[in-house]
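Participant: build me a model from this:
(one chain, ligands or ions: 1)
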Amino acid sequence: MSASSVSPATASPSLPRKKTTTSTASEPDGGSRAHIKQYYEDSGLDYAYWSRAFNMHFGYFERGMSPFKLEAMLANMNRKVLEFLGLKRGSVLDLGCGAGATAKQLAAENAGLAITGVSLVGEQIGRARAACEKLPTAQQPRFVEADYTALPFGENQFDGAWNLESACHAPGRDKGALVREAFRVLKPGASWVVVDGFLKRQPRMRTSRWVLDKVQDYWALETFAERDAFLQALREAGFVDIEIVDWSWRVAPSAAYIPWVTVAFFVDWLRKEKARALGRHRLANALAPMLGLMLGLSRSFFGYYAIRARKPERR
Ligand SMILES: C[S@@+](CC[C@H](N)C(=O)[O-])C[C@H]1O[C@@H](n2cnc3c(N)ncnc32)[C@H](O)[C@@H]1O
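Facilitator: All right, here's what the predicted structure looks like:
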C-alpha cells in the first residue's frame, strides 16, 4: 500500500507550513510529507556513516557498556525501547521504521514478536525488506509503506507500538494526529512507547530560536513536539498510565560521535564521492546533527525522553 492510497489524516492542530529558509519555488513546504520523503530519499544512504546497520537514532548508554562502541549503543537503544514497552511476544508496530534496523534486530532477538514496520518512504521499505531477508521466515517483520497518521489497519489490532525518533515528523506541537491513530489501532490494554527529542518550552534567546529553526528545517520537521502538549494529547486521546523518563544523559555518549561522523562524511565526499551531488538534503543531513548537538545541550528548553502510555481495558 502506498502512502498516497490511504485516507488523509484526521484534522490536526498543525502549524502553518513555512517555506524552508533555503527553499526554491519547486521545493515542498518545511516538514510536509513531500519534504520528509524527499529528504530521506536524498540522504538515506548517508546514514551508513552513523550506523552500518542503518540505525537512524541515538544510542542508549548504560553501566558496563563501552562508550567507544557506537553501534553497540545504537543496538542497545532498540532493546531499551522494547524493554520499556514491556512486551516479549505478540503483534507490534514500529511506526516510522526507517530502513528496518530496529525491527530486524528485535525480530531476531525475540522469536515471539510479529513486527510490522511502517514508513512513509517507499525506498526505506524496500531496504528494510532486503535487510530482513535472511531471518527465518516466521520471524520476518512485514513492512508497509504508509502514513502513520492514517494507518491502513483496523481498530484494536496491535499488542504494542513504538515510535523511535520518528514522532518528531508528525504535524503539530502535540502530534495529535499520530497520538489518535496510535490509540485507534492498539488493542485495549496495549501500550505505546515514544522515544524522541522534545521541547520543554519554546526557546527565548534569538540564537536558540535560530538553531531550533535550522535543525527542524534540515531534518524535515514542521516542529519538534512540545512535551506538555504531547502529554495532554495522550490524555485527550484516552491513554492512561502515562510515564515519562528523561533519557538525555543516556544518549549523550552516542551524541558525542556527531563531530567525528560529520568530518568523516565530508572527508569521504571530498576524496571519493564528488560525482554524487551534495544537494540540499544531503548537506542538511550532514549539518543538522552538529546543530542538534547544540540543541541537546540546551537543557533549559530541550530534552530526550521515553514516554509510555496505555490504552485502557474495555469496561
Ligand atoms: C529518523 S528516522 C528513524 C527511523 C527508525 N525509527 C530508526 O530509529 O532507525 C524517522 C522515520 O520516520 C518516518 N516517518 C516520518 N513521517 C512519517 C509518517 N507520516 N508516516 C510514517 N513514517 C514516517 C521516516 O520515513 C523515517 O523512517
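Participant: okay, now the nearest residue to residue 228 once chain neighbours are set aside: neighbour count?
Facilitator: Among residues not flanking residue 228 along the chain, residue 200 sits closest, at 8.0 Å (CB to CB, 6 or more residues apart in numbering). Where C-beta positions appear, they are placed from N, C-alpha and C, glycine not excepted. Residue 200: 15 surrounding residues under other CB atoms under 10 Å.
Participant: so residue 200 is in contact with residue 301, correct?
Facilitator: Yes. Counting by CB atoms under 8 Å, residue 200 does reach residue 301; the two are 5.2 Å apart.
Participant: near the ligand, which residues of the stretch 101-250 of the chain are found?
Facilitator: Proximity of the stretch 101-250 of the chain to the ligand, by CB under 6 Å from any ligand atom, involves residues 101-102, 118-121, 124, 147-149, 164-166, 169.
Participant: inside strands: which ones of those?
Facilitator: 118, 119, 164 (DSSP state E).
Participant: select only the buried ones of those residues in PyMOL?
Facilitator: Of those, the buried ones go into a single PyMOL selection, burial set by 16 or more other CB atoms under 10 Å:
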select buried, resi 118+119+164
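Participant: buried sites along the longest helix anywhere in the chain?
Facilitator: Determined from DSSP state H, the single longest helix within the chain is helix 280-297. Buried residues in helix 280-297, counting neighbours by 16+ other CB under 10 Å, are found at 280-289, 291-293, 295-296.
Participant: what helices and strands are in contact with that helix?
Facilitator: Secondary structure elements in contact with helix 280-297, counted by 3 or more CB pairs under 8 Å, 6 or more residues apart in numbering; DSSP states H and E, are helix 33-43, strand 186-199, helix 206-218, helix 248-255, helix 258-268, strand 302-310.
Participant: what's next to that helix, contact-wise?
Facilitator: By CB atoms under 8 Å, 6 or more residues apart in numbering, the surrounding residues in contact with helix 280-297 are 22, 27, 38-39, 42-43, 46, 197, 211-212, 214-215, 217-220, 248, 251-252, 255, 258-259, 261-262, 265-266, 278, 302, 304.
Participant: how about stretch 205-212?
Facilitator: Residues from elsewhere that reach stretch 205-212 (CB under 8 Å, 6+ apart): 199, 202, 203, 224, 291, 294, 295, 298, 301.
Participant: give me that answer again for 7 Å
Facilitator: 203, 291, 294, 295, 298, 301 (CB atoms under 7 Å, 6 or more residues apart in numbering).
Participant: and the residue nearest to residue 228, how far from the ligand?
Facilitator: 21 Å (CB to the nearest ligand atom, to the nearest Å).
Participant: before we move on, back to that, reformat the helices and strands packed on helix 280-297 as CSV; add mean pLDDT.
Facilitator: Listed next are the helices and strands packed on helix 280-297 as CSV, based on pLDDT from 0 to 100:
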stretch, mean pLDDT
helix 33-43, 90
strand 186-199, 98
helix 206-218, 92
helix 248-255, 95
helix 258-268, 82
strand 302-310, 97
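Participant: for residue 228, which of the ones you listed is the nearest?
Facilitator: Across those, the minimum distance to residue 228, taken as CB to CB, is reached by strand 186-199, at 9.0 Å.
Participant: tell me what that closest one is packed against?
Facilitator: Judged by 3 or more CB pairs under 7 Å, 6 or more residues apart in numbering; DSSP states H and E, strand 186-199 is in contact with helix 70-85, strand 158-164, strand 225-226, helix 227-237, strand 302-310.
Participant: hmm, who's touching the helix or strand residue 179 falls within?
Facilitator: When secondary structure is defined by DSSP states H and E, residue 179 falls within helix 176-185. Residues from elsewhere that reach helix 176-185, judged by CB under 7 Å, 6+ apart: 9-10, 12-13, 93, 95, 148-151, 153, 155, 157-158, 161, 167, 170-171, 192, 233-234, 237-239, 311.
Participant: now with 6 Å?
Facilitator: 9-10, 12, 148-149, 151, 153, 155, 157-158, 161, 167, 170, 192, 233-234, 237-238, 311 (CB atoms under 6 Å, 6 or more residues apart in numbering).
Participant: switch the helices and strands packed on helix 280-297 over to a markdown table; also include mean neighbour count.
Facilitator: Below are the helices and strands packed on helix 280-297 laid out as a markdown table (neighbours: other CB atoms under 10 Å):
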| stretch | mean neighbour count |
| --- | --- |
| helix 33-43 | 20 |
| strand 186-199 | 22 |
| helix 206-218 | 18 |
| helix 248-255 | 18 |
| helix 258-268 | 14 |
| strand 302-310 | 21 |
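Participant: how about those, which one is nearest residue 89?
Facilitator: Closest to residue 89 of the helices and strands packed on helix 280-297, according to CB to CB: strand 186-199, at 12.6 Å.
Participant: so what's the backbone phi/psi at residue 144?
Facilitator: phi -130, psi 130 (degrees, to the nearest 10).
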